[in-house]
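J.: All I have is the shape, not the residue letters:
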């Protein structure tokens, strides 16, 4: 049961991240005039005309191929990509801060109301509902513990690795969210799978948007 639960967890996470990578990649190449038809650019949700996300499928196959190689080779690639990804996040934060408008934070917590589909928005109920939707961002910390047998002095290094990476991830996650909401009204990001690139382009930072999105596309392989 635990094994199947873990497989389900990672199947969902892989699809989630691959879809985000695909959206960023499509946003990156759209200025070049290259655009896939709807049937191949988004996964089907019943009414959007999509059939499959072709880029997401290709990305998953590429990552599977990389993981089938030696562990040391994969680790070197991943370490490099993580460094690039953190630099891209910091660049976005520093550039995005210059485009923040204070009125976008008011009200900081919108008034609560129940949606017709039974979900909640605004208020503490909406915050809890939102938390349940972004838990996927924190999948992976449990996998650190699974490698404890290969770590040196795991009693000290494992807690440091798990808590340290969790703290850094939470700090970056909150920072990016605050900058995004400060740059544009939160409702402007509805149904937007590449909010960082979009926000930078809309605020006049096209070159930075291209650089950050290019690094994000590569960095999401981790």
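T.: Arrived safely. Remember, predicted model here, so these are calculated numbers, not experimental data.
J.: For the rest of this, base every contact and every neighbour count on C-alpha atoms.
T.: OK.
J.: ok, the nearest residue to residue 82 once chain neighbours are set aside - contacts?
T.: Among residues not flanking residue 82 along the chain, residue 219 sits closest, at 6.3 Å (CA to CA, 6 or more residues apart in numbering). Contacts for residue 219 (CA atoms under 8 Å, 6 or more residues apart in numbering) come out as 81, 82, 84, 85.
J.: Could you do residue 141 as well?
T.: By CA under 8 Å, 6+ apart, the residues touching residue 141 are 162, 165, 166.
J.: repeat that for 10 Å
T.: Residue 141 makes contact with 161, 162, 163, 165, 166 under the criterion CA atoms under 10 Å, 6 or more residues apart in numbering.
J.: Quick one: distance of the top helix by length along the chain to the chain centre.
T.: Taking DSSP state H as the criterion, the chain has its longest helix at helix 154-183. Helix 154-183 has its C-alpha centroid displaced from the chain centroid by 13 Å (CA atoms, centre = their mean, to the nearest Å).
J.: Please shift the residue numbers so they start at 868 in all later answers.
T.: Shifting the count to begin at 868 puts that one at helix 1021-1050.
J.: Give the rounded mean pLDDT of that helix.
T.: Mean pLDDT, helix 1021-1050: 90.
J.: the inter-axis angle of the following helix or strand past it versus helix 1021-1050?
T.: On the C-terminal side of helix 1021-1050, the closest following helix or strand by DSSP states H and E is helix 1062-1069. For helix 1062-1069 against helix 1021-1050, the angle by axes from the mean of the first three to the mean of the last three CA atoms, to 10 degrees is 40 degrees.
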